[in-house]
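Student: here's a sequence, model it:
(chains A, B and C)
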Amino acid sequence: MTVMTWTDDRVEQLKKLWEGGLSASQIAAELGNVTRNAVIGKVHRLGLSGRAKSPSSAAPRQRKARPAQQMVRVARPMARGNTALAHNYEIEAEPDPIAYDNIVPISQRLSLVELNEATCHWPIGDPSSADFYFCGGKALAGAPYCAHHSRIAYQPASDRRRAVPKPTR
DNA sequence: CCCTGATTCGC
DNA sequence: GCGAATCAGG
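Tutor: Here you go, the predicted structure:
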């Protein structure tokens, strides 16, 4: 499958989500198999870096030599390259949505076509199954999930970030 | 500390 | 082209 590359499809999603105001980490979580850095990098390469960006972050950056980094290249157990065929821990590690079944009112559940920017996109159940549905709760501003699922959704991203051992700062 | 996006530069 | 590491902020 995806050989870990920016297919037209993923780029399209990226653009849409980015312009939709989602943060890089959120987009990364949505797309899967990419870090927020990858998303930001791509966003820049696509030339759509600025949307409603913070004026302060647009300020000129200070050049800083990085001699100490040279070849430190920490050995990260992080999966890279083609993770499509390998058993993907990111998917497996998905905080099982089933556990949240009971907090989602049936009347609130939505099908794919019913989702919009204001509804929680949290998937529940097997996508190939008939009883698959989305949370449908009130999504946080600029987020694809409700408050509850946002918490869960971005936890893996944080782990990922912290999984990288810091050489020394 | 949590998070943001921005930038650099080895790959 | 890609994205980790790093940076400057909120």
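Student: ok, the nearest residue in space to residue A:27 that is not next to it in sequence - contacts?
Tutor: Nearest residue to residue A:27, sequence neighbours excluded (C-beta to C-beta, 6 or more residues apart in numbering): residue A:17, at 4.5 Å. Where you see a C-beta, it was placed from the backbone N, CA and C, and this is true even at glycine. Counting by C-beta atoms under 8 Å, 6 or more residues apart in numbering, residue A:17 touches A:26-27, A:30-31, A:144.
Student: got it, and residue A:42?
Tutor: When contacts are counted by C-beta under 8 Å, 6+ apart, residue A:42 touches A:6, A:11, A:14.
Student: please spell out the PyMOL selection for the buried subset of those residues.
Tutor: Entered in PyMOL, the line below selects the buried ones among those, by 16 or more other C-beta atoms under 10 Å:
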select buried, chain A and resi 6+14
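Student: the contacts of residue A:42 into TSV, with extra columns for pLDDT and distance to DNA strand B?
Tutor: TSV is the format used below for the contacts of residue A:42 (pLDDT from 0 to 100; distance: C-beta to the nearest atom of the strand, whole Å):
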residue	pLDDT	distance to DNA strand B
A:6	88	14
A:11	88	16
A:14	83	12
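Student: point out where chain A drops to low pLDDT.
Tutor: Residue ranges of chain A with pLDDT under 70: A:1-3, A:51-109, A:111-115, A:125-131, A:140-143, A:146-169.
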